[in-house]
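Asks: No letters, just coordinates:
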């Protein structure tokens, strides 16, 4: 095509071809996955800071076996100075899991986890994320790292 002979029909053909190629290229991207990864990175950054919980503000944690769900954490007292801290975010598709009293269940796709966060039934393949927790008896606080 020469510049002089570039008419309206040629312009429309070229524009349509460019639009079609662009649409095909965009459809190859998994936009939902890109947004989910971005949200997960943001969530990971905010969770990376240590969180301090005052046990006196959560009387459920005063005795062994007591538990709370706060933010994205499931916290259970397992001993005089020991605590289990798990993420309540399903490792499969990032839905919030429900605590059943005996374990965890994802309402989105049916994954189940033991009371310690281990996968019992998929589609999830990874256990619930666990966090290191340090109990300070003097201050009666729990620090989650």
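Replies: Ah, there it is. Computed from a predicted model, the values in this text were never measured in an experiment.

Asks: Per the annotation, how does this structure divide into domains?
Replies: 1-47, 48-144 (automatic domain parsing).

Asks: looking at the ones you listed, which is buried most?
Replies: Comparing the domains of the chain by mean neighbour count (mean count of other C-beta atoms under 10 Å), domain 48-144 ranks first with a mean of 15. (Each C-beta comes from the backbone N, C-alpha and C, glycine too.)

Asks: between the domains of the chain, which has the poorest average model confidence?
Replies: Sorting the domains of the chain by mean pLDDT places domain 1-47 lowest, at a mean of 64.

Asks: any idea how far the residue lying closest to residue 89 once chain neighbours are set aside lies from residue 92?
Replies: Excluding the flanking residues, the one nearest residue 89 by C-beta to C-beta, 6 or more residues apart in numbering is residue 72, at 5.8 Å. Going from residue 72 to residue 92 by C-beta to C-beta, to the nearest Å gives 15 Å.

Asks: same thing with residue 76?
Replies: Taking C-beta to C-beta, one finds residue 76 at 22 Å from residue 92.

Asks: which one is residue 106 nearest to, not counting chain neighbours?
Replies: Spatial nearest neighbour of residue 106, excluding adjacent residues (C-beta to C-beta, 6+ apart): residue 90 at 4.2 Å.

Asks: Make sure the residue nearest to residue 89 is actually in contact with residue 87.
Replies: Yes: in this structure, residue 72 is within contact of residue 87 by C-beta atoms under 8 Å, at 5.7 Å.
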